[in-house]
Every structure is written in C-alpha cells, then in structure tokens.
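Engineer: Show me how the following folds:
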Amino acid sequence: MGTQLDLFAPPDAPPTADVWSYYAGLPDRSGLARYTVLIRAPGDPERRPREARQAAMGKEAAAVEWRAWRAASAEEWRARIVAHLADGEPRTFNRIAVELVDATADVVGDHAQDGLWLAVERGEVWWTSDAPIHFLHRDYVAPCACEDCARAAA
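Structural biologist: Residues are numbered from 1 along each chain as shown. Predicted coordinates for the structure are as follows:
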C-alpha cells in the first residue's frame, strides 16, 4: 500500500462539534461534488494493510468479512453509521469507514455511501459544508434558525 501525502499538518487535538456549522438535508451531490465526501481529514485513521488484517484474522475470514460489509444494504449501513456517531464525535466518512470496517471510504462501496446519505436525508446525521466534510449525530447539533434546519430538527 502506498503512502498518503500529507497535505495538512496533523491537528494538535481532534476537532470538536462546536468548531463547524452543521447542515440538515441533502447537499448537492451532482458531478464532482459526489466525491467531496471521500476527502480525508488530517488525523483520520489509516486502515491496516491487507496483509496485517489477514495475518490477524486469517485470509479466508478477512475475505468473508470484506464480502459481508460490501453486501450490506444501505439501510444496514445507515443504522451502523447512526449508532457509531451516537458518541457525539464529529467524523469524516473516511474515518467512519475505517473505524467500522477497517476500510477507507473510497472502497467501502455505494451501499455505505448511500446509507450515510439516507441518515442525512432522515435528519439523523448532519454535515459540514466545507471539505473535508464532517458528520455529526443530530443529538449533538445546535441547529441554526433557518427553515430547513428547523424542519430537519422536528
């Protein structure tokens, strides 16, 4: 596995929820905007190399687990993502993917991303508008007073 370029200095401390403004409802995901969610944040965890994962759990078990999460439905991913964010820690999609299945956001598949956006659409998870996009469970968001946020919070 290649080394990822460091584009930013790593943060001194992990970001907290009050650093950003959060939004409800679905953002524009047309064209290249569809890929903005894949941008990693400084300090995002790295997945283990495939060889280390296979050594830890066995090659066949690792393959079975990989196929299982790739086959999981968007609804299953939604539930896992919402539960994972219930601790109030803001996370990028990449961090969510690494922490849940030890894979980066670019390889977890469409069902995982669809599950994330399903949670956003249902108002369970809110998002930041600046890349890298961070997601936060709705219970930890102080919504603004705009109509969209009030509707999503209801």
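Engineer: After the one helix or strand residue 81 maps to, which helix or strand is next?
Structural biologist: Residue 81 belongs to helix 74-85 when elements are defined using DSSP states H and E. Remark: after helix 74-85, the chain's next helix or strand is helix 93-101, criterion DSSP H and E.
Engineer: which strands and helices sit next to the next helix or strand after that next one?
Structural biologist: Sequence-wise, the next helix or strand downstream of helix 93-101 (DSSP H and E) is helix 110-121. Packing partners of helix 110-121 (3 or more CB pairs under 8 Å, 6 or more residues apart in numbering; DSSP states H and E): helix 59-71, helix 74-85, helix 93-101, strand 125-128. (Glycine included, C-beta is placed from N, CA and C.)
Engineer: got the CA positions of helix 110-121 in PDB?
Structural biologist: Output in PDB follows, covering the C-alpha atoms of helix 110-121 (Å, rounded to 0.1, in the frame of the first residue of the first chain):
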ATOM      1  CA  ASP A 110     -22.000   2.600  -2.800                       C
ATOM      2  CA  HIS A 111     -24.200   1.000  -0.200                       C
ATOM      3  CA  ALA A 112     -22.100   2.600   2.600                       C
ATOM      4  CA  GLN A 113     -22.300   6.000   1.000                       C
ATOM      5  CA  ASP A 114     -26.000   5.600   0.300                       C
ATOM      6  CA  GLY A 115     -26.500   4.600   3.900                       C
ATOM      7  CA  LEU A 116     -24.700   7.800   5.000                       C
ATOM      8  CA  TRP A 117     -26.900  10.000   2.800                       C
ATOM      9  CA  LEU A 118     -30.000   8.100   3.900                       C
ATOM     10  CA  ALA A 119     -29.200   9.000   7.500                       C
ATOM     11  CA  VAL A 120     -28.700  12.600   6.400                       C
ATOM     12  CA  GLU A 121     -31.900  12.600   4.500                       C
END
